[in-house]
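Enquirer: Got a sequence here, can you build the structure:
(one chain, ligands or ions: 2)
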Amino acid sequence: MKVGIIGANGYGGVELIRLLQNHPFAEIELLVSHSTSGTNIKELYPHLSTIIEMDLAQINVNQIADSVDVVFFSTPPGVSLELLPQFSEKGVLCIDLSGDHRLKDPEVYSQWYQKEPASSNLLNQTVYGLSEANKEKIKDSNLIANPGCYPTAALLGILPAIKEDWVKSNSIIIDGKTGVSGAGRKNSLATHFSEVNENVKAYKLGTHQHIPEIEQLIESFSGNTENITFSAHLVPMTRGIMCTIYADLKEPMSSETVTALYQSFYEHHPFVRVRETADLPKTKEVYGSNYCDIGIHCDERTNRLTIVSVIDNLVKGASGQAIQNMNLLYGWDETTGLTGAPIYP
Ligand SMILES: NC(=O)C1=CN([C@@H]2O[C@H](COP(=O)(O)OP(=O)(O)OC[C@H]3O[C@@H](n4cnc5c(N)ncnc54)[C@H](OP(=O)(O)O)[C@@H]3O)[C@@H](O)[C@H]2O)C=CC1
Ligand SMILES: CC(=O)N[C@@H](CCC(=O)OP(=O)(O)O)C(=O)O
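Expert: Ligands and ions are numbered 1, 2, ... in the order given. This next block holds a predicted model:
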């Protein structure tokens with residue numbers, strides 16, 4: 001099965017390359033770049049020398065569509081809006097790592113991304129690729145909107161409680177922390193070493209594009225409209241996301257009971273590991289891997305549930321999950337090519 005990666009010279013693209021090297025059924029056919037076509041990928045990323053030495057190709061829809069079976073879009077918002085319909089029309093399977101096709105309501109997309117939305121026709125064909133939540137739909141789709149990094153950690157953390165209807169409406173608060181690679185490879189003042197090192201900052205409060213994405217999936221799970229509070233924080237590490245999620249319980253529950261129920265909920269989902277309460281997960285314990293680790297605490301004084309959910313933003317939060325979705329789509333075991341253990345320490 002032949003794969004093309006558009007945006008191959010960004011962090012998401014390079015993580016796709018790393019993971020696909022270990023995939024037994026997928027072969028990288030084309031690496032595509034907008035601004036560095038003609039350059040060998042090893043010149044931009046010397047760590048890939050002798051592993052993959054391929055010139056980056058230009059964006060040429062016909063040529064790409066003729067040579068690959070599946071295209072990953074690892075490009076900033078707005079790019080796949082224009083390109084993806086041209087591939088989809090030609091019957092190429094598309095997996096979009098950007099936010100362009102995640103929101104079902106075109107008006108909501110315009111409001112949060114300040115861009116013209118994709119066509120309703122295309123949005124109706126799109127499956128939201130949170131692998132654990134939409135496994136059956138992903139198997140039958142040809143256009144997958146891969147989730148954002150924060151939504152992956154937040155939703156895997158909260159969905160069992162939502163599905164079981166344990167939490168009070170509008171009581172969910174998600175406190176998210178991310179490593180700097182979440183902002184991609186492009187230069188910016190916000191990701192400059194001196195700005196990030198020995199510093200923690202909150203950003204995009206009330207305006208983060210992941211707010212409607214999280215609310216949309218909660219609604220599709222519960223049938224209820226839910227308003228969440230989400231705060232994003234940048235912390236001085238390269239990879240990793242931690243979402244600490246707070247919600248008021250409808251009825252008192254113990255940590256042990258909720259943990260056992262979460263373990264049973266994720267029993268058949270190999271990439272979600274639910275820990276015992278005394279063993280709350282840390283970002284380093286999933287570094288470089290496709291795992292999402294979850295820990296639970298119920299405060300019996302306040303009747304509040306706290307969930308800690310960690311992922312690697314570039315793997316389960318982006319490229320790893322994109323490959324997991326490709327595996328589901330092709331009917332392969334979902335763990336194919338993704339069984340590497342986290343890198344520790
Ligand atoms: N980093 C992360 O942790 C996560 C990222 N995502 C999403 O994945 C996507 C890629 O992110 P990431 O790899 O981090 O970002 P980078 O900035 O590292 O890479 C972006 C890529 O897109 C290409 N690109 C930029 N503009 C255009 C254009 N106009 N047309 C075609 N290609 C273009 C860039 O290179 P070139 O211009 O040379 O082609 C580059 O290859 C984004 O939508 C991001 O929001 C999602 C989850 C997590
Ligand atoms: C550090 C940093 O800036 N992180 C990005 C994560 C973006 C992301 O996950 O991508 P999508 O926009 O495709 O959802 C942010 O918070 O916007």
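Enquirer: use CA for all of it now, contacts and neighbours both
Expert: Noted.
Enquirer: Let me see the contact set for Asn134.
Expert: 127-128 (C-alpha atoms under 8 Å, 6 or more residues apart in numbering).
Enquirer: got a pLDDT number for it?
Expert: With respect to pLDDT, Asn134 scores 97.
Enquirer: same question, Thr277
Expert: As predicted, Thr277 sits at a pLDDT of 79.
Enquirer: burial measure for it, as a count.
Expert: 18 (other C-alpha atoms under 10 Å).
Enquirer: May I have the residues that are in contact with it?
Expert: By C-alpha under 8 Å, 6+ apart, the contact list for Thr277 reads 255-256, 259, 295-297.
Enquirer: for ligand 1, what are the nearby residues on the stretch 201-345 of the chain?
Expert: Applying C-alpha under 6 Å from any ligand atom, we find that the stretch 201-345 of the chain lies next to ligand 1 at 313-314, 317-318.
Enquirer: among the residues you listed, who's most crowded?
Expert: Highest neighbour count within those, by other C-alpha under 10 Å: Asn313, with 33 neighbours.
Enquirer: Low-confidence ranges, the chain, go.
Expert: For the chain, not a single residue meets the criterion pLDDT under 70.
Enquirer: Any residues of it in contact with ligand 2? List them.
Expert: By C-alpha under 6 Å from any ligand atom, the part of the chain that sits against ligand 2 consists of 98-99, 148-149, 178, 180, 182-183, 234.
Enquirer: Could you measure from the spatially closest residue to Gly10 that is not a sequence neighbour over to Phe72?
Expert: Spatial nearest neighbour of Gly10, chain neighbours left out: Arg185 (5.9 Å); criterion: C-alpha to C-alpha, 6 or more residues apart in numbering. If you measure Arg185 against Phe72 using C-alpha to C-alpha, to the nearest Å, the figure is 18 Å.
Enquirer: Mind checking which of those two has more residues around it?
Expert: Between Arg185 and Phe72, counting by other C-alpha under 10 Å, Phe72 is the more crowded of the two (28 against 13).
Enquirer: Looks to me like the more buried one is in a helix.
Expert: No - assessed by DSSP: H, G, I helix; E, B strand; the rest coil, Phe72 does not belong to a helix; its assignment is strand.
Enquirer: Let me see the contact set for it.
Expert: When contacts are counted by C-alpha under 8 Å, 6+ apart, Phe72 touches 3-6, 94-97.
Enquirer: Quick one: buried ones out of these?
Expert: The neighbour-count criterion (16 or more other C-alpha atoms under 10 Å) marks 3-6, 94-97 among the contacts of Phe72 as buried.
Enquirer: Which members of those additionally contact ligand 1?
Expert: Taking C-alpha under 6 Å from any ligand atom as the test, ligand 1 is in contact with Leu97 out of these.
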